[in-house]
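[1] A structural model of the following input is requested.
(chains A and B)
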Amino acid sequence: MRGLALFRKLTLTLVMGVIAAAMLFPIAVTFTNSLMTEDEIGYNYHLIGKMADIGAGEKDGFINLKLLPDWISFRQYAEVLVHKPKFLHMFWNSVFLVVPIIAGQVLVASLAAYAFAKLRFWGREKLFVVYLMTMLMPFQVTLVPNYMIADKLGLMNSNSAIILPGIFSAFGVFMLRQFMAHIPYLYIEAAKMDGAGHLRIFYRVIVPLVKPGIAALVVLLFADNWNMVEQPLIFLEEAMKQPLSLYLSRINEGARGVAFAASVVYMAPMVMLFLYAESYLVEGIQLSGIKG
Amino acid sequence: MIARACFGKAGRLLRKDGAAASLFLAPSLTGFAVFYIIPFAMGFVYSFQDSTIGGSFVGLHNYEALQASASFRKAAVNSLMFTGVCVPLLIVLSLWLAHVLNQKLFIRNWLQSAFVLPLAVPVASVVMIWQILFDWNGILNEWLNSFHVERMDWMKSDWSIGVLAVVYIWKNIGYNMVLFLAGLQSIPKDYYETADIEGAGKFHKWIHITLVYLTPTMFFVVLMSIINSFKVFRETYLIAGDYPHDRIYMLQHFMNNMFLSLDIQKLTAAAVLMVACILLFVSVMLVIERRFRSFMD
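    Numbering: from 1, shown residues only, chains lettered A, B, ... in the order given. Predicted coordinates:
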C-alpha cells in the first residue's frame, strides 16, 4: 500500500513536471538564446518567415532551434544595453508609464476600497457593480470618447493620456475591497473607541492589514501595464515616446541577432518582482476570488 | 455579526458614514467618471448619431450599417468563437491542474511557481519563440514532418486561432489554477470522509461535493477568464499585426481599424453592442449565482 502511494506520487509529480517544463520552455529558450553570438542566431534562425521558391529549384528547410549556445557570449547584452541607446530609451519610457500608474492606482484605489468595504452609504452596492462592469470592457469600447476627452484635456501624445485612465481603472478598487472586506469590524470599532477618525483608522489599521493585498495589486498592475499595447498605439504618435512592448515587436524583424537579449532585459524586472512577491501574489489572487 | 449589529443602528450612523465615504471616494470617483463613465455615455449617444460633432439623431442607422459590414460579422463571430471555446477549455484544464496539484506531490511549490510564472512574462518578449514554433519552417512543422504531415503556415491558416488559444492558455492557466486551489482547499475534509463512510464513489464525490462547493469560485474564474480572453488582442497584435488572418480578426481589430479609418459611427455602435452582450451575460451569471447561494443556505 505504501509502495503504491509512493508510486502514484512519483507518477503525478513526473506528469506535472513535464507540463511545467513545457510552460517554462519559451522563457528558458529565450534566456539561453540570449547568450548566443549574433552569428549563431543568424545561422540558426535565418529561415524564419522565408518560403522557398520551388520554381527556382529551392527547397524548404527547417529552423534550427538550439537550446544551448555553442559558447556563452554577452555580446547581445552589450549590443542592447550599450550600443543601442534607443533600446534603453524605450525601456525608461515603459518605466515612466508604469510606475505612476501603479503608485497612483494604489493610492486612489485603496481610499475608495475602504469606502466600499467598511463604510455604509447610499447606493454602495450599485456603485460597486458599475465599477465591476467597467473591468469587463475591453479598451476599444470607449476608444473614441476617451480620445476626445484626452484631446480636450490637452493630453494627446503625452504620457498622461495613458497614465490617468490607468490610475482610475476599477481593478485596484475591486481587489483591495475584497481584501478589506475580510478585516473584522471589531478592529474598526476598537479604533473608534480610542477616538480615531476614519482617516486615522485607514492608515493606522487598514493599510497595515492589507499590505499583502497591495503587494499583489502592484504585481498584477505591473504585469498588465508593462505589457501594454493598445493605449500607446492610439495615444502616442511619436515613435520615440512608445514603450518597450511595441518597440520589441518591431526589433524582432530587423535585429533578430539581439532580440533575445532585448527580450530578457524586458522581462527581467517583471520576473524578479514576481519571484520576490510570489506568495503575496498567490494569496492576493486567492483572496480576491472569495466573496467578501 | 458585528456588521449586522452596526447596521441595526441605521439612520444616524449611515449618514455619518456617508460624509466620510464621499471623501474617501472623491478622488477615485472623479477620475472614474471622467475616464470611464462619461466616455461610455458619450459613446452610447454617438452610436445613434451621424457625426460626433453637432450630429443629429439617426436612430438605428449605424447599427444597420454595422450589421451590413462583412468585416464586423467576421470579427464578431471570431470573438464569440474564441471566448466561447477557449474560456471553457481554459477552465477545464486549470481545474484539472489544480485538482492534481492539490494531491500529495514532490516539489509542489516549484510546480505551482512554474505554472504561474507565465502570468508575469510580457508577451512581447516571447514573440520570437512563438515564431520559431509556428513558422513555415518552424519546429512544429519539422516535428509533424517526421510523421509525414504536410507543413503549413500556422499563423496564416484556420489553425491560427488554435495558436492563439495556446498562447491564451499558457498565460492564464496559472491564475485560474491558483483560484481553484484556494477553492479546493476551502472544502472541509469531513465532507469527503462522510461520503466515504456512506460508500460514495470517486466520481460521485467529485460531482456532489467538489463541484458544488467550487461553484462560487467558478463564477469568479469565468469572469476573469472572459476579461483575459479580451486581452488576447495584445498577443494577436504583437504576433500578427493590424490585419491578421481572417480567423483571428477580432472585434478589437475591427474597432481599432474603424478608429484609424475614422468610421466613428460603426465603432461606437460595435462598442455598444459588445457592452450589451457583456452586460447580458454578467446579469445572467449574477442571477444564477444568487439562485445558487439561496439554494446552498
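[2] quick one, what contacts the most centrally placed residue in chain A?
    Chain A has A:Ala223 as the residue nearest its centroid, 0.9 Å off, counting by CA atoms, centre = their mean. With contacts defined as CB atoms under 8 Å, 6 or more residues apart in numbering or on different chains, the neighbours of A:Ala223 are A:Met270, A:Phe274, B:Leu119, B:Ala120, B:Pro122. Backbone N, C-alpha and C define where each C-beta goes, glycine included.
[3] JSON lines for these, including pLDDT?
    As requested, the contacts of A:Ala223 are exported to JSON lines (pLDDT from 0 to 100):
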{"residue": "A:Met270", "pLDDT": "92"}
{"residue": "A:Phe274", "pLDDT": "92"}
{"residue": "B:Leu119", "pLDDT": "90"}
{"residue": "B:Ala120", "pLDDT": "89"}
{"residue": "B:Pro122", "pLDDT": "86"}
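[4] what's the most distant pair in these?
    A:Phe274 and B:Pro122 (11.3 Å; CB to CB).
[5] A strand includes B:Pro244, no?
    No. B:Pro244 is assigned coil when assessed by DSSP: H, G, I helix; E, B strand; the rest coil, not a strand.
[6] now do it against chain A, distance only.
    13 Å (CB to the nearest CB, to the nearest Å).
[7] ramachandran angles for that residue?
    phi -80, psi -180 (degrees, to the nearest 10).
[8] that one contacts B:Thr236, doesn't it?
    Yes. Under the criterion of CB atoms under 8 Å, B:Pro244 makes contact with B:Thr236 at 5.9 Å.
[9] element containing the closest residue to A:Leu67 other than its chain neighbours?
    Nearest non-adjacent residue to A:Leu67, counting by CB to CB, 6 or more residues apart in numbering or on different chains: A:Thr32, 5.9 Å away. If you go by DSSP states H and E, A:Thr32 is part of helix A:2-33.
[10] thinking again about what came up before, and A:Phe274 and B:Pro122? which has more neighbours close in?
    Using other CB atoms under 10 Å in any protein chain shown, the more surrounded residue of A:Phe274 and B:Pro122 is B:Pro122, with 26 against 20.
[11] neighbours of B:Gln185, just the number please.
    11.
[12] backbone phi and psi for the nearest residue to it once chain neighbours are set aside, please?
    Distances taken as CB to CB, 6+ apart place B:Asn102 nearest to B:Gln185, at 7.0 Å, with adjacent residues excluded. Per-residue torsions, B:Asn102: phi -80, psi 0 (degrees, to the nearest 10).
[13] wait, what's in contact with B:Asn102?
    Contacts of B:Asn102 were listed using CB under 8 Å, 6+ apart, and they are B:Leu181, B:Leu184, B:Gln185.
[14] how close does the second one sit to A:Gly17?
    Distance of B:Leu184 to A:Gly17, given as CB to CB, to the nearest Å: 21 Å.
[15] same question, the first one
    As defined by CB to CB, B:Leu181 lies at a distance of 18 Å from A:Gly17.
[16] also the last one?
    As judged by CB to CB, B:Gln185 and A:Gly17 stand 22 Å apart.
[17] likewise A:Lys50?
    36 Å.
[18] next: A:Lys192.
    53 Å.
[19] closest to A:Tyr147 out of the contacts of A:Ala223?
    B:Pro122 (25.1 Å).
[20] may I see the buried residues of stretch A:209-229?
    A:210, A:212-229 (16 or more other CB atoms under 10 Å in any protein chain shown).
[21] out of the residues you listed, which sit inside helices?
    A:212-226 (DSSP state H).
[22] and for the nearest residue to A:Asn225 once chain neighbours are set aside, the neighbour number?
    Computed as CB to CB, 6+ apart, the closest residue to A:Asn225 that is not its neighbour in sequence is A:Val98, at 4.7 Å. Close neighbours of A:Val98, defined as other CB under 10 Å, add up to 24.
[23] can you classify A:Val98 by secondary structure?
    Quick answer, by three-state DSSP: A:Val98 is helix.
[24] helices of the stretch 101-250 of chain A, residue ranges please.
    Using DSSP state H, counting those that start in this stretch, the helices found in the stretch 101-250 of chain A span residues A:124-136, A:143-152, A:160-167, A:171-181, A:185-193, A:198-201, A:207-209, A:211-226, A:230-235, A:244-254.
[25] is chain B within reach of the fifth one?
    Yes. Under the criterion of CB under 8 Å from any CB of the partner chain, helix A:185-193 makes contact with chain B via A:Tyr185, A:Leu186, A:Glu189.
[26] got a winner among these for most neighbours?
    The residues of helix A:185-193 next to chain B, ranked by neighbours (other CB under 10 Å): first place A:Tyr185, 16 neighbours.
[27] if we ignore the residues flanking it in sequence, what's nearest A:Leu10?
    B:Phe106 (7.4 Å).
[28] wait, that neighbour sits on A:Thr13?
    Yes. B:Phe106 lies in contact with A:Thr13 (CB under 8 Å); the separation is 4.4 Å.
[29] same drill for these two, tell me which one is more crowded.
    A count of neighbours by other CB under 10 Å puts A:Thr13 above the other of B:Phe106 and A:Thr13, at 19 against 13.
[30] what's in contact with stretch B:273-289?
    A:133, A:136-138, A:141, B:40, B:63, B:66, B:76, B:216, B:219, B:222-223, B:226, B:251.
[31] closest to A:Glu79 among those residues?
    The shortest gap between A:Glu79 and any of the contacts of stretch B:273-289 belongs to A:Pro138, at 36.7 Å (CB to CB).
[32] my read: the residue nearest to A:Asn225 touches A:Trp226, true?
    Yes. Contact criterion CB under 8 Å: A:Val98 and A:Trp226 qualify, at 5.5 Å.
[33] thinking again about what came up before, overlap in contacts of B:Pro244 and B:Thr236?
    Shared contacts of B:Pro244 and B:Thr236, defined by CB under 8 Å, 6+ apart, are found at B:His253.
[34] the more surrounded of those two?
    Ranked by neighbour count (other CB under 10 Å), B:Pro244 and B:Thr236 place B:Thr236 first, with 26 against 19.
[35] test my guess that that one contacts B:Ala165.
    No. Between B:Thr236 and B:Ala165 there is no contact under CB under 8 Å: 11.3 Å.
[36] ok, residue 97 - contacts?
    No chain was given, so I picked chain A. Neighbouring residues of A:Leu97 by CB under 8 Å, 6+ apart: A:Asn159, A:Ile162, A:Ile163, A:Gly166, A:Asn225, A:Met228, A:Pro232, A:Pro243.
[37] other chain: chain B
    B:Leu97 neighbours (CB under 8 Å, 6+ apart): A:Met16, A:Ile19, B:Phe115, B:Ile173, B:Met177, B:Phe180.
[38] can you turn the buried part of those residues into a PyMOL selection?
    Buried residues within those, by 16+ other CB under 10 Å, are selected in PyMOL with:
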select buried, (chain A and resi 16+19) or (chain B and resi 115+173+177+180)
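[39] B:Tyr46: which of the contacts of B:Leu97 is nearest?
    Checking those against B:Tyr46 with CB to CB, the nearest one is B:Ile173 at 38.3 Å.
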